[in-house]
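Engineer: Got a sequence here, can you model it:
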Amino acid sequence: MVLIKKRDGRKEPFIPEKIIVSAIKSGSPPDFARTIAQDIERSTKDGATTQEIKAKVLSMLKSKNPEWERNWMVYDTAVKKRTG
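Structural biologist: Residues are numbered from 1 along each chain as shown. Here you go, the predicted structure:
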């Protein structure tokens, strides 16, 4: 089990479904969202930060459709009150 370091320093297990749900909410089709989650899961090492994972996800979304990346960023800013 891979543990991810959260913004507040806590560690929690990597949960691919979180990426899938967020990617779908951004506009990605479910199949592509699952592909992103699988790629991230394969490449993520223990202790990776949520910021590192987010950067990888955003890069993959942008490469397929830049609007999906924008949608993710808008959601993070407006709903979660995140800026980076």
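
Engineer: gap between the closest residue to residue 49 other than its chain neighbours and residue 45?
Structural biologist: Counting by CB to CB, 6 or more residues apart in numbering, residue 5 is the residue found nearest to residue 49 once chain neighbours are left out, at 4.8 Å. To be clear about C-beta, it is placed using only N, CA and C from the backbone, and glycine gets the same treatment. To residue 45, residue 5 is 11 Å away according to CB to CB, to the nearest Å.

Engineer: More neighbours: those two, which one.
Structural biologist: Applying other CB atoms under 10 Å to residue 5 and residue 45 shows that residue 5 carries more neighbours, namely 17 against 10.

Engineer: Make sure that one is actually in contact with residue 47.
Structural biologist: Yes. Applying CB atoms under 8 Å as the test, residue 5 and residue 47 come out as touching, 5.8 Å apart.

Engineer: got any ranges where this structure has weak pLDDT?
Structural biologist: Applying pLDDT under 70 to the chain flags residues 80-84.

Engineer: Going by residue numbers, what spans are helices in it?
Structural biologist: If DSSP state H is used as the criterion, the helices of the chain fall at 16-25, 30-43, 50-64, 66-78.

Engineer: With that, I have no additional questions.
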